[in-house]
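Peer 1: I would like to see how this sequence folds:
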Amino acid sequence: MTTALLVMDMQNGILERYPQSNWVIETLRETIDVARRAAVPVIFVRLGFRNGAPEVSDRNRIFSTLIKNYDMADASRATQVHSTLEPQDGDVVVTKRRVSAFTGSDLEVILRSRGIDTLVLTGIATSGVVLSTLRQAADLDFEVVVLSDGCADSDPEVHRVLTEKVFPRQATVITAGEWASQISGSAL
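Peer 2: Numbering: from 1, shown residues only. I've put the predicted structure just below:
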């Protein structure tokens, strides 16, 4: 089993929309450190668009509203990974164009080329990137783990229902601490 940690949408423009979720940043900082020490690849997934956002249709309710309020161009501050989670040499940064980490990105190519078959999902929002990526990853035959305290949603009840009732149908749901214990005690 070859595992990768996906840190999704932990970027300035999205975190500003979820100020109640600042605690996730600290959890992920520690989780990323554990992954690096265990030689687990860390892959940052961020949302970004070309200048003028030609990828976004007016019919896309989520992204057409987002680009009206934020400069989501690939090089803008809003699309950059939060400074406390700064990617390091050896980490991979993937830019996606839709909710799922797979859609409009080269994530699957990177995973397949590295022989990765297990994905550990984290990020904001639970009902957005985590849910969409989990569903697509399961359909692509990846083993999926979700760190329940490594993701957050604007609605705590939605987060609870997803992590306790929906996600366990297709993924293992554990805490960041439980995952850290597992990878610290095993050879990956």
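Peer 1: residue ranges for the strands of this structure, please.
Peer 2: For the chain, strands defined by DSSP state E occupy the ranges 3-8, 42-47, 92-96, 118-124, 143-152, 172-174.
Peer 1: Now tell me what touches the third one from outside.
Peer 2: It stands for strand 92-96. 41-48, 74, 79, 81, 87, 101-107, 110 (CB atoms under 8 Å, 6 or more residues apart in numbering). C-beta here means a position set from N, CA and C on the backbone, and glycine is covered the same way.
Peer 1: That strand pairs with which strands, and in what direction?
Peer 2: strand 42-47 (parallel) (DSSP bridges).
Peer 1: hmm, back to that, buried only: go through the contacts of strand 92-96 for me.
Peer 2: With burial judged by 16 or more other CB atoms under 10 Å, the buried subset of the contacts of strand 92-96 is 41-48, 79, 81, 87, 101-102, 104-105, 107.
Peer 1: Output the lowest mean pLDDT helix or strand found in the protein.
Peer 2: helix 61-69 (a mean of 86; mean pLDDT, DSSP states H and E).
Peer 1: Could you pull out the buried residues of that one?
Peer 2: In helix 61-69, counting by 16+ other CB under 10 Å, buried: 63, 66, 67.
Peer 1: got the angle for it vs strand 42-47?
Peer 2: Comparing the axes of helix 61-69 and strand 42-47 via axes from the mean of the first three to the mean of the last three CA atoms, to 10 degrees yields an angle of 80 degrees.
Peer 1: Put the alpha carbons of helix 61-69 into PDB.
Peer 2: What follows is helix 61-69, C-alpha atoms only, in PDB (Å, rounded to 0.1, in the frame of the first residue of the first chain):
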ATOM      1  CA  ARG A  61     -23.400  28.800  -9.100                       C
ATOM      2  CA  ILE A  62     -20.500  28.100  -6.800                       C
ATOM      3  CA  PHE A  63     -17.600  29.300  -8.900                       C
ATOM      4  CA  SER A  64     -19.400  32.200 -10.700                       C
ATOM      5  CA  THR A  65     -20.200  33.700  -7.300                       C
ATOM      6  CA  LEU A  66     -16.700  33.000  -6.000                       C
ATOM      7  CA  ILE A  67     -14.900  34.700  -8.800                       C
ATOM      8  CA  LYS A  68     -17.100  37.800  -8.400                       C
ATOM      9  CA  ASN A  69     -15.900  38.200  -4.800                       C
END
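Peer 1: list the contacts for residue 100?
Peer 2: 129, 132, 133, 135, 136.
Peer 1: rerun that using 7 Å as the cut-off
Peer 2: Shown in contact with residue 100 (CB atoms under 7 Å, 6 or more residues apart in numbering): 132, 133, 136.
Peer 1: swap in residue 5?
Peer 2: Here residue 5 is in contact with 31, 32, 35, 40, 42, 43, 120 (CB under 7 Å, 6+ apart).
Peer 1: Turn the strands of the chain into TSV, including mean pLDDT and distance to residue 20.
Peer 2: As requested, the strands of the chain are exported to TSV (pLDDT from 0 to 100; distance: least, CB to CB, whole Å):
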stretch	mean pLDDT	distance to residue 20
strand 3-8	98	18
strand 42-47	98	20
strand 92-96	98	24
strand 118-124	98	10
strand 143-152	97	8
strand 172-174	98	21
